[in-house]
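J.: Fold the following for me, if possible:
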Amino acid sequence: MSTADEEIAKGERYLNGLDYQSAYKHFDKATKIDNNNALAFFGKAESAIGMPKVKRENVGSWYQKAIELDPKNPQYMEAYALYCMSDGHFNEAEKLLKEAAEVDPENAPYYYTEFAIQYSNMAPVIMEQYLDEKTKDMIVSKALTYLLKAINLEPTEAKRLL
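T.: Numbering: from 1, shown residues only. You can find the predicted model right below:
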């Protein structure tokens, strides 16, 4: 019988080759061998994204389990945040990327920028039916707030500089 680490290694090889179904099988097996392995749940979620028949709420729960098991891993938070954004769950994504910035302060500007760019690109598409001038302004304002945060600049100072 193989170990969880062996199954994870196999899953990673398949995932790198974009064979999502084979990767998923190995990550799933790893979660069954070791139900406390964060990397197994993270890999399961990552590979499931490439499998349209997997329920989106299951993918989210596997990301959440990985974060629960390894709450200091900003990679898990970032990946789940991007997944949340693709579903229009912007508040959850924002929360996750803030947490990633707290856990990994050295790279905080990256997480803030990631949120700003992804939010400004995805929100108008997902909120298309509600997209009036006020909503557009809200989206741009929030994105700009995070861009300023990424460079550690207060809005009043940005206005002065501009």
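
J.: which secondary element of the chain has the worst mean pLDDT?
T.: In the chain, the helix or strand scored least confidently by mean pLDDT, DSSP states H and E is helix 155-161, which has a mean of 91.

J.: Give me the residues contacting stretch 146-162.
T.: Residues outside stretch 146-162 that contact it (CB atoms under 8 Å, 6 or more residues apart in numbering) are 108-110, 112-113, 115-116, 119, 145. In short, each C-beta sits where N, CA and C put it, glycine included.

J.: and it, C-alpha only, in PDB?
T.: Extracted C-alpha coordinates of stretch 146-162, given in PDB (Å, rounded to 0.1, in the frame of the first residue of the first chain):
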ATOM      1  CA  TYR A 146      -5.800  47.800  -2.800                       C
ATOM      2  CA  LEU A 147      -3.200  49.100  -5.400                       C
ATOM      3  CA  LEU A 148      -2.400  52.000  -3.000                       C
ATOM      4  CA  LYS A 149      -2.200  49.500  -0.100                       C
ATOM      5  CA  ALA A 150       0.300  47.400  -2.200                       C
ATOM      6  CA  ILE A 151       2.600  50.400  -2.400                       C
ATOM      7  CA  ASN A 152       1.900  51.600   1.100                       C
ATOM      8  CA  LEU A 153       0.400  54.900   0.000                       C
ATOM      9  CA  GLU A 154      -2.500  56.700   1.600                       C
ATOM     10  CA  PRO A 155      -5.200  58.000  -0.800                       C
ATOM     11  CA  THR A 156      -4.600  61.700   0.300                       C
ATOM     12  CA  GLU A 157      -0.900  61.300  -0.500                       C
ATOM     13  CA  ALA A 158      -1.700  59.700  -3.900                       C
ATOM     14  CA  LYS A 159      -4.000  62.700  -4.700                       C
ATOM     15  CA  ARG A 160      -1.200  65.000  -3.800                       C
ATOM     16  CA  LEU A 161       1.300  63.200  -6.000                       C
ATOM     17  CA  LEU A 162      -1.100  63.100  -8.900                       C
END
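
J.: Would you enumerate the residues in contact with residue 64?
T.: Residues in contact with residue 64 (CB under 8 Å, 6+ apart) are residue 80.
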